[in-house]
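Enquirer: Here's my sequence, what's the structure:
(chains A, B, C and D)
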Number of protein chains: 2
Amino acid sequence: MEHAGAIERPAILERMAAELRRSGLRPTRQRVELGRVLFAKGCRHISAEELRAEAAAAGVQVSLATVYNALHKFTEAGLLREVAIDSGRAYFDTNVSDHHHFFVEDEGQLIDLLGDVEIDNLPEPPEGMEITALELVVRVRRQT
Amino acid sequence: MEHAGAIERPAILERMAAELRRSGLRPTRQRVELGRVLFAKGCRHISAEELRAEAAAAGVQVSLATVYNALHKFTEAGLLREVAIDSGRAYFDTNVSDHHHFFVEDEGQLIDLLGDVEIDNLPEPPEGMEITALELVVRVRRQT
DNA sequence: ATTTGTGCAAATCGTTTGCATCTGA
DNA sequence: TCAGATGCAAACGATTTGCACAAAT
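Expert: Purely as a prediction, here's the structure:
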């Protein structure tokens, strides 16, 4: 049995730290904790404020500025994907693979669109432009 | 030749006023002028601040609150379509027909996507939800 | 030791709101 | 007349920034 001091970092955090290091990010205490909250539950869509609330609920208090900083760094590093749909609020998606979304109007909720949608007959981009991403948003509404 | 007083409204404004009335909107001086600026040049994508600047450049000074009010009323009336792509800024599209967009990253510019893109193999919306719109955004970047 | 991140509070940006005043039907 | 619009300024929510302090390499 290995030595377990009171300040030793649990294995899950150690793994998070390693992953951050692998992505070229300095594994600070805050980033490690935020990363754990973010990636613990599989794929999800979360806003900065929500992440902060979740972290706080888990006993990790970080400033909002740090949350934004971390989210942007994670995104740069390819660990997250930013989804800009709603004007006013930015969502970060832990699913960085190529996929689309349902967007529930009036609730601002994002849902991954499963299966592979086919998008054909796409026109050429304007002169001198190259396509960087295709984003399909299927707006939905709770039936009346 | 009909009487032409100094304060008579030019024909183009009269037509705008008629169109607003037809849409159930009270054709106030500000709305008529904003409508003229908006719809004079065919299809376009414009933000509130841009519209205000254009109006101002044309000698029409309106408060920003009124610009927002007008844009929203026009949208409700089906004269405009709101395009929410960039988080932070709302664009209004004078092309209300069913179509998609190129979004030029780093410039925040919207360009209509011509031709009819085919979107197939769309999954069912979640239980109790109905689709209200399909929005495809093709992100592009100026080639390096 | 040096670089990089953090926290806080203030600043910014786009948008909305409250309210007194004005205006079109 | 009078519901509905306007203008202004203040309120707002999300995000960013400046800067002194703290922590990671």
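Enquirer: check contacts around residue A:77.
Expert: Residues near residue A:77 by C-beta atoms under 8 Å, 6 or more residues apart in numbering or on different chains: A:23-25. (Each C-beta comes from the backbone N, C-alpha and C, glycine too.)
Enquirer: Give me the distance between it and chain B.
Expert: Applying C-beta to the nearest C-beta, to the nearest Å, the value for residue A:77 to chain B is 19 Å.
Enquirer: same deal with residue A:56?
Expert: Taking C-beta to the nearest C-beta as the measure, residue A:56 falls 23 Å from chain B.
Enquirer: Contacts only, for the nearest residue to residue A:48 once chain neighbours are set aside.
Expert: Once flanking residues are discounted, residue A:48 sits nearest to residue A:67: 5.0 Å by C-beta to C-beta, 6 or more residues apart in numbering or on different chains. Residues in contact with residue A:67 (C-beta under 8 Å, 6+ apart) are A:34, A:48, A:51-52, A:55.
Enquirer: Residue A:67 and residue A:30: what is the separation?
Expert: 8 Å (C-beta to C-beta, to the nearest Å).
Enquirer: got the residues of chain A near chain B?
Expert: Chain A has residues A:84-90, A:102, A:104-105, A:111, A:113-123, A:125-126, A:128-143 near chain B, with proximity defined as C-beta under 8 Å from any C-beta of the partner chain.
Enquirer: can you rerun that using 6 Å?
Expert: A:84, A:87, A:90, A:114-115, A:117-123, A:125, A:128-141, A:143 (C-beta under 6 Å from any C-beta of the partner chain).
Enquirer: Would you map the strands across chain A?
Expert: Assigned by DSSP state E, chain A shows strands spanning A:45-46, A:81-83, A:91-93, A:100-104, A:109-113, A:118-120, A:129-142.
Enquirer: Quick check: which of those strands is nearest to DNA strand C?
Expert: Closest approach to DNA strand C among the strands of chain A is made by strand A:91-93 (15.3 Å; C-beta to the nearest atom of the strand).
Enquirer: on contacts alone, who are the packing partners of the closest one?
Expert: Counting contacts by 3 or more C-beta pairs under 6 Å, 6 or more residues apart in numbering or on different chains; DSSP states H and E, strand A:91-93 is packed against strand A:45-46, strand A:81-83.
Enquirer: Contacts for it, please.
Expert: A:45-47, A:71, A:80-83, A:110 (C-beta atoms under 6 Å, 6 or more residues apart in numbering or on different chains).
Enquirer: For those, give me CSV that also has neighbour count, distance to DNA strand D and pLDDT.
Expert: As requested, the contacts of strand A:91-93 are exported to CSV (neighbours: other C-beta atoms under 10 Å in any protein chain shown; distance: C-beta to the nearest atom of the strand, whole Å; pLDDT from 0 to 100):
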residue, neighbour count, distance to DNA strand D, pLDDT
A:45, 20, 12, 95
A:46, 20, 10, 95
A:47, 17, 5, 95
A:71, 21, 8, 98
A:80, 23, 13, 96
A:81, 18, 14, 95
A:82, 13, 9, 94
A:83, 19, 10, 93
A:110, 20, 13, 93
